[in-house]
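Visitor: here are the coordinates; sequence isn't available:
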């Protein structure tokens, strides 16, 4: 049992489950309240809205197409995670678990809510208002950036190691 529990924590599957629950609960709380308020006036607001499209309302009203894309992406990332598990570094596992939570969080909204994805996090930069987003969107974005950073750092250190090895020959 101890070995399985250790594997569960090292796999970071718990992170994906936790983020998916956080996404679901936060959307339900905001949906129930349906009120807008400033968290940091002039910068960060909670503002309930729905979106039938993707980022910046692209592909608006293509809910089922986006649901299918979310499901396929979620399944693809899970398959990749399972197949490559032993060779994945911890930060890569974290990034994948964040992206999986994000894909499934938005899939749930698209598949089960006719009004689309529930968005509520709103950032204002002067007169510019960034498109409203949610926890799942944040998970996807942070997971992608983390995966890129990890990949770039791994490549950098591999090249550095290769140059050091070649210099000592």
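Guide: Cool, the structure landed. The model shown is predicted, which means the values in this text are computed figures rather than measured ones. Numbers count the residues shown, from 1 in each chain.

Visitor: per-residue confidence at residue 115?
Guide: pLDDT recorded at residue 115 is 85.

Visitor: got it, and residue 110?
Guide: We have a pLDDT of 92 for residue 110.

Visitor: out of everything not next to it in sequence, what's closest to it?
Guide: Among residues not flanking residue 110 along the chain, residue 67 sits closest, at 3.8 Å (C-beta to C-beta, 6 or more residues apart in numbering). Just so you know, the C-beta spots here come from the backbone N, C-alpha and C atoms, and that holds for glycine as well.

Visitor: Which elements pack onto the helix or strand where residue 103 lies?
Guide: Assigned by DSSP states H and E, residue 103 falls within helix 90-112. Packed against helix 90-112 by the contact rule (3 or more C-beta pairs under 8 Å, 6 or more residues apart in numbering; DSSP states H and E) you find helix 2-11, helix 13-33, helix 63-84, strand 117-125, helix 135-167.

Visitor: Adding mean neighbour count and distance to residue 107, write the ones you listed out as a markdown table.
Guide: Formatted as a markdown table, the helices and strands packed on helix 90-112 follow (neighbours: other C-beta atoms under 10 Å; distance: least, C-beta to C-beta, whole Å):
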| stretch | mean neighbour count | distance to residue 107 |
| --- | --- | --- |
| helix 2-11 | 10 | 21 |
| helix 13-33 | 16 | 10 |
| helix 63-84 | 16 | 4 |
| strand 117-125 | 19 | 9 |
| helix 135-167 | 14 | 9 |
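
Visitor: Return the member of those having the minimum mean pLDDT.
Guide: Taking the mean pLDDT of these, helix 2-11 comes last: a mean of 83.

Visitor: what about that one, distance to the chain center?
Guide: The chain centroid and the centroid of helix 2-11 are separated by 23 Å, computed with C-alpha atoms, centre = their mean, to the nearest Å.

Visitor: how far does stretch 100-110 sit from the chain's center?
Guide: 9 Å.

Visitor: what's the answer for stretch 33-52, then?
Guide: That offset, for stretch 33-52, works out to 20 Å (C-alpha atoms, centre = their mean).

Visitor: Pull up the gap between residue 121 and residue 152, please.
Guide: To residue 152, residue 121 is 27 Å away according to C-beta to C-beta, to the nearest Å.
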